[in-house]
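Asker: Following is a predicted model, sequence given first.
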Amino acid sequence: MNSSLYRQRAIQLREELSDDYFTLWIWDEALGAAGKPGQFYNVRALASLKNAQNSGKIPKLFKPISIFDNQGGRIGFMIKKVGEGTAALSKLRAGDMLELIGPNGNGFPIFRGKRILLVSGGIGYPPLWYLQKELINHNQIYWMHGGACQGDVFPSDEIWTEDGSIGRQGRVCSGMLENINKYDVDLIYSCGPLPMLASAAEISKSLNIEHYVSLESYMACGIGVCHGCAVPIGAKNDWEYLRVCKEGPVFNAEEVRWELM
Ligand SMILES: Cc1cc2nc3c(=O)[nH]c(=O)nc-3n(C[C@H](O)[C@H](O)[C@H](O)COP(=O)(O)OP(=O)(O)OC[C@H]3O[C@@H](n4cnc5c(N)ncnc54)[C@H](O)[C@@H]3O)c2cc1C
Ligand code: FES
């Protein structure tokens, strides 16, 4: 562990978004100045001493969580409860301590004067929220977000749900072509589950549109040591394994060897 990146910070605020989603906020100006859209922290719940002693259960692994918001040192993490680690994070309250390693990885490249399509699925939403805040003053943006059901979707220009409980019914990539044509899109950013990103990459490739994806991957160390998160990146006949946690999580969609993932 790189101790220069390890910190403990008190939760300043916790917000409940739905049954499964919540946000944790910390305030730290130096960390705020260091973070960029697309970067993430490895986080772990360090419950208050009393809680920890009472429960005797603090998950050992750090979990990669994107920077959801970052303004003037007010840093937010939007989290979906899916397993043990995120369930432990969901129990944190204001005043409890969060362990953090980061910011990690390379963020999204930032452009100006573009007609941008943002495409997110499920828990791909948080990094694109921070990204659109950085892009909005200098670009035209249209944001499509999809999820399994109403509980998985959040404010955006266009919502898709697989069960049709809100917005348009189907998978979010189904509407990409229509919006690319309607808004004359010349740049795409996406984040979400792998099959969604692969479909989005196929569409951008067929239309020769520049596209940056933020890959989700299982991580062990989360800091570039174990190579457990490596993915094939490069030209079709000249690729190498790069680490999502170090060289990623953002890659040029055209360079991801989707056929080998
Ligand atoms: C770079 C990066 C940024 C991320 N940003 C966020 C974020 O901002 N907010 C957020 O809520 N989550 C984010 N995630 C996903 C988050 O890290 C996982 O949901 C979390 O590690 C699950 O840990 P757990 O102990 O709760 O569940 P586990 O017990 O580890 O897993 C529970 C279930 O979730 C599945 N799962 C776990 N991790 C992943 C994954 N990476 N991809 C697909 N399925 C998975 C498992 O197969 C299992 O079914 C991010 C992941 C990466 C790699
Ligand atoms: S998770 Fe260990 S190198 Fe990326």
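Answerer: Noted; the coordinates are in hand. Ligands and ions are numbered 1, 2, ... in the order given.
Asker: For the protein, which segments count as helices?
Answerer: Residue ranges of the helices in the chain, as given by DSSP state H, are 29-34, 49-55, 84-90, 125-135, 176-182, 194-207.
Asker: Pull out the buried residues from the last one.
Answerer: Of the residues in helix 194-207, those scored as buried under the neighbour-count criterion (16 or more other C-beta atoms under 10 Å) are 194, 196, 197, 198, 199, 200, 201, 203, 204. For the C-beta atoms, the positions are set from N, CA and C on the backbone; glycine is no exception.
Asker: on that earlier part again, where among the helices of the chain is the average confidence lowest?
Answerer: When mean pLDDT is averaged over each of these, helix 49-55 scores lowest at a mean of 53.
Asker: State the distance from residue 242 to ligand 2.
Answerer: When distance is defined by C-beta to the nearest ligand atom, to the nearest Å, residue 242 is 10 Å away from ligand 2.
Asker: Out of the helices of the chain, the one nearest residue 69 is which?
Answerer: Closest of those to residue 69 is helix 125-135, at 5.7 Å (criterion: C-beta to C-beta).
Asker: got the helices of the chain as JSON lines, with distance to residue 113 columns?
Answerer: Written out in JSON lines, the entries for the helices of the chain read as follows (distance: least, C-beta to C-beta, whole Å):
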{"stretch": "helix 29-34", "distance to residue 113": "26"}
{"stretch": "helix 49-55", "distance to residue 113": "50"}
{"stretch": "helix 84-90", "distance to residue 113": "38"}
{"stretch": "helix 125-135", "distance to residue 113": "11"}
{"stretch": "helix 176-182", "distance to residue 113": "18"}
{"stretch": "helix 194-207", "distance to residue 113": "19"}
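Asker: what about those, which gets the closest to ligand 2?
Answerer: Proximity to ligand 2 (C-beta to the nearest ligand atom) singles out helix 84-90 among the helices of the chain, at 14.0 Å.
Asker: is that closest one anywhere near ligand 1?
Answerer: Yes: remark: helix 84-90 sits within contact range of ligand 1 at 84, 85, 86, by C-beta under 6 Å from any ligand atom.
Asker: Could you find the closest non-adjacent residue to residue 13?
Answerer: Ranked by C-beta to C-beta, 6 or more residues apart in numbering and with sequence neighbours excluded, the top spatial neighbour of residue 13 is residue 25, at 4.2 Å.
Asker: doesn't residue 73 make contact with that neighbour?
Answerer: No: the pair formed by residue 25 and residue 73 falls short of the contact definition of C-beta atoms under 8 Å, at 10.5 Å.
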